[in-house]
Structure formats: structure tokens, C-alpha cells
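> 3D, please:
(chains A and B)
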Number of protein chains: 2
Amino acid sequence: MEDLASYQVGTMHYSRILIAVDDDDFISSRRAFDYACTVAKIYNIPLGVAMVLETGDMNVFQSLSPETLSDWRENITRDLNTYCEKAREFGVLDVQPLLAEGNPGREIAEKLIPSFKPDLLVIGSETKSGRRKTLGTHAAYLARYASCSVIIVRSDAQGAAMIKDIKRDTAK
Amino acid sequence: MEDLASYQVGTMHYSRILIAVDDDDFISSRRAFDYACTVAKIYNIPLGVAMVLETGDMNVFQSLSPETLSDWRENITRDLNTYCEKAREFGVLDVQPLLAEGNPGREIAEKLIPSFKPDLLVIGSETKSGRRKTLGTHAAYLARYASCSVIIVRSDAQGAAMIKDIKRDTAK
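Just a heads-up that it's a prediction; the model follows:
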């Protein structure tokens, strides 16, 4: 294989990171956020923080109430700003909040990535079901359809659960 | 959201990396390999290099020929050793070759990850079809079923293809 024979390993790192935060899943998002902030700080590169208001979550009554929608928008905007503030406190210099509404997977793949143009998307694996092999619908969609590299950050909780499983197996 | 309010971003990096190399897809594997070697070198952490001989690729006649199988094993072992040597030349101190036979996704998720115990799996996105939204079957399987974090490294070629698509759209 000539290509392999003449290949030399080159240094490669990312230059623009987008972290997608799930406002309903702090546990899954937290480790992913730590990772994204660490890389953005070390390389001193821009960090986009994306949140999507899942309008599909609202029932018809709620979607017809401007007050409810307004409350949701206010809450998600506050949380998004909090995440951005945490990233800045950690030492990331260029932090940009990105807010969208709709289906998270599609909004991120089709709107936020084309506009922010990251070369790496960081997502949590959505482990709230407690089953370690579950990958969230939006994470699976993004792994497939994001036009940039994607890292699915599995959380400590998941690792711990896995270790417990192994111990249980060994104990039998 | 109390959890978020009290949260402080922490430094987070990986401590043990497994890179899965597709022996039939040097282009897709190359950028992923560069990334895995860069991270392993910077943090001075162990790097496992995994290759799987896809026995499902062989037809019945071939699978019955010990010579063919022997040739395949010889080739993949040689390529695996070449990759490991390239990683060492680049400056990764602890490089471990890992060879398996069978279905790549399942072998990596069910055998190589449990034995090597990485906290990050690095895979290429298998772009050989030329369509930018294609994620290889094994990559999709691993994104879902690997027990550790997974990074899907999309190659330069793919990024270039995407930029071309956008230019074409703009030109209309």
C-alpha cells in the first residue's frame, strides 16, 4: 500500500468548536461542556454554545399560549447566557451564544453549523434513560448528518454504571 | 436551575485512546489517525491502534482457502505494524497494535474496547462513497454502542466537497 508507506503523521487539531447543550439534561451536557471548554481554552479558539428550544415538546394548548412560549424563551435564554458566562469564567475568550427553535438535530445540522461553521461539534450522549447503550435521537442524527467532525461525550455516570456492571458480572 | 447555577467548568481530557483504522480506506482513516496521534502525543497517553479483518468480505470459496486467509492476515498485520510505527515516529511513546477478525463494529465494541479500556474511540467517517452525508455502517454502530466517548473525524476531502456544494448552490 503505497499511500500508507509514504504517509507521515501530521499534527491535527480543531479550530472552531460548537457545543450543543441540552437544556433538559444537565448531567449529560456537563462533561461535554467541560471537554469543549477545555479544548477551546487550550487552543484559544472560538466556542459556540448552542441551545434549541424544542417546540415539538409543547402540546397544542401550550403552543397557542404566548405566555408559555415567552416563559420558555426567557428560561432558555437565561440558561444559555449562564453557560456562556461559565465558559468565560473558565478562561475561554471567544464565546458565542446560539439559540434556535424547532427540532434540535435538524436545527443544529441545517442552521447552526452552516452559520457558525465549526470543524468540531461536541454533544453529550443523553444518558438520562440510565441504559448505557442508549444514544439520544438528536445525537444519532447529528453523528450522521453534521457536516463537521462530531464527538459524542459519554458522561462519568455512564462510565461508572459500566464499571458497576462489570463488577457485578465478575462477582457471579 | 440550581445545578447549572452552582456548576463550575472543569478541565477534562481523555487518558486512553483507541483509534480504529479501516485498512480499505486510507483517505478516511488518515485524518482520524493524525488526530488520535496528536492527542496521544500532547497528553502522553497510551494509543491503541485497532484493525479488524472483515471476514464477511470474503466469499465462501475464499473463506475456504487457507492461503487466501493467510495472505489477508499477513497484509493486515503488516499494515497495522506500519501504522504503529508511524505513530511512534510522530512521537507517541505508548502504541499498542490490536488485531481482530469478524464484523468491525461488533469486534471493536464488544472485544477491543472491553479489553483495551479506552475512554475515547477515534473513527473516520468512511467517506469513500463521495456523498458527504454518509456515515459508514461501522461508524454509526460504534457511535451508538461504544461504551466510551466517540469522535467521528470527518476528512478534509469531505470538508472540501461540502464547500464545493455550497459554492455551486450560491452560483445558481
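> Please save the CA atoms from stretch A:141-161 in PDB.
In PDB, the C-alpha atoms belonging to stretch A:141-161 read as follows (Å, rounded to 0.1, in the frame of the first residue of the first chain):
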ATOM      1  CA  TYR A 141     -28.900  12.300  13.900                       C
ATOM      2  CA  LEU A 142     -26.000  14.700  14.300                       C
ATOM      3  CA  ALA A 143     -23.400  12.000  14.200                       C
ATOM      4  CA  ARG A 144     -24.800  11.100  10.800                       C
ATOM      5  CA  TYR A 145     -25.700  14.400   9.300                       C
ATOM      6  CA  ALA A 146     -23.400  17.100  10.800                       C
ATOM      7  CA  SER A 147     -21.000  18.200   8.000                       C
ATOM      8  CA  CYS A 148     -18.100  18.600  10.500                       C
ATOM      9  CA  SER A 149     -16.400  16.100  12.900                       C
ATOM     10  CA  VAL A 150     -18.600  15.100  15.900                       C
ATOM     11  CA  ILE A 151     -17.500  14.000  19.400                       C
ATOM     12  CA  ILE A 152     -20.100  12.200  21.500                       C
ATOM     13  CA  VAL A 153     -19.000  12.700  25.100                       C
ATOM     14  CA  ARG A 154     -20.200   9.900  27.300                       C
ATOM     15  CA  SER A 155     -20.500  11.000  30.900                       C
ATOM     16  CA  ASP A 156     -18.800   9.800  34.100                       C
ATOM     17  CA  ALA A 157     -22.200   8.500  35.300                       C
ATOM     18  CA  GLN A 158     -22.300   6.200  32.300                       C
ATOM     19  CA  GLY A 159     -18.700   5.100  32.800                       C
ATOM     20  CA  ALA A 160     -19.500   4.400  36.500                       C
ATOM     21  CA  ALA A 161     -22.600   2.400  35.500                       C
END
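> A:Val49 contacts A:Gln96, doesn't it?
Yes: shown here, A:Val49 and A:Gln96 form a contact pair, counting by CB atoms under 8 Å, at 7.0 Å. Any C-beta I mention is one placed from the backbone N, CA and C, and that applies to glycine too.
> Pull the contacting residues for A:Ile45.
A:14-17, A:39, A:94 (CB atoms under 8 Å, 6 or more residues apart in numbering or on different chains).
> For the residues you listed, pick the one with the most neighbours.
Among the contacts of A:Ile45, A:Ile17 has the most neighbours (other CB atoms under 10 Å in any protein chain shown), with 26 neighbours.
> who does that one bridge with?
Beta-bridge partners of A:Ile17, counted by DSSP bridges, are A:Leu47, A:Leu120.
> What confidence value was assigned to A:Ser63?
pLDDT recorded at A:Ser63 is 64.
> Oops, could you answer that again for A:Ser28 instead?
On the pLDDT scale, A:Ser28 gets 78.
> Give the burial count for the residue nearest to it when sequence neighbours are not counted, as a bare number.
Using CB to CB, 6 or more residues apart in numbering or on different chains and skipping residues adjacent in sequence, the residue nearest A:Ser28 is A:Gly124, 3.6 Å away. Neighbour count of A:Gly124, defined by other CB under 10 Å: 29.
> Tell me who's in contact with A:Gly124.
Contact partners of A:Gly124, counting by CB under 8 Å, 6+ apart, are A:22, A:25, A:28-32, A:136, A:139, A:152-153, A:155.
> which of these count as buried?
Neighbour counting over the contacts of A:Gly124 (16 or more other CB atoms under 10 Å in any protein chain shown) leaves A:22, A:25, A:28-32, A:136, A:139, A:152-153, A:155 as the buried ones.
> just to revisit the earlier point, identify the bridge partners of the residue nearest to A:Ser28.
Going by DSSP bridges, A:Gly124 forms beta bridges with A:Val153.
> Go through the contacts of A:Ile45 and name the one nearest A:Leu53.
Nearest to A:Leu53 among those, counting by CB to CB, is A:Ile17 at 21.8 Å.
> pretty sure the closest one contacts A:Thr38?
No: using CB under 8 Å, A:Ile17 is not in contact with A:Thr38, being 10.2 Å away.
> can you list the residues that contact stretch A:103-115?
Residues outside stretch A:103-115 that contact it (CB under 8 Å, 6+ apart) are A:18, A:20, A:22, A:48, A:50, A:52, A:54, A:56, A:98, A:100-101, A:121, A:137-138, A:141-142, A:145-148, B:166.
> switch the cut-off to 10 Å
Residues external to stretch A:103-115 that are found in contact with it (CB atoms under 10 Å, 6 or more residues apart in numbering or on different chains): A:18, A:20, A:22-23, A:48, A:50-56, A:98-102, A:116, A:118, A:121, A:123, A:136-148, A:150, B:133, B:162, B:166.
> does any part of the biggest helix by length in chain A sit near chain B?
The longest helix of chain A (DSSP state H) is helix A:66-90. Yes: judged by CB under 10 Å from any CB of the partner chain, helix A:66-90 comes into contact with chain B at A:75, A:78-79, A:82-83, A:86-90.
> From the contact counts, what lies against that helix?
In terms of contacts (3 or more CB pairs under 10 Å, 6 or more residues apart in numbering or on different chains; DSSP states H and E), helix A:66-90 is packed against helix A:26-43, strand A:47-53, helix A:60-64, strand A:95-101, helix B:2-6.
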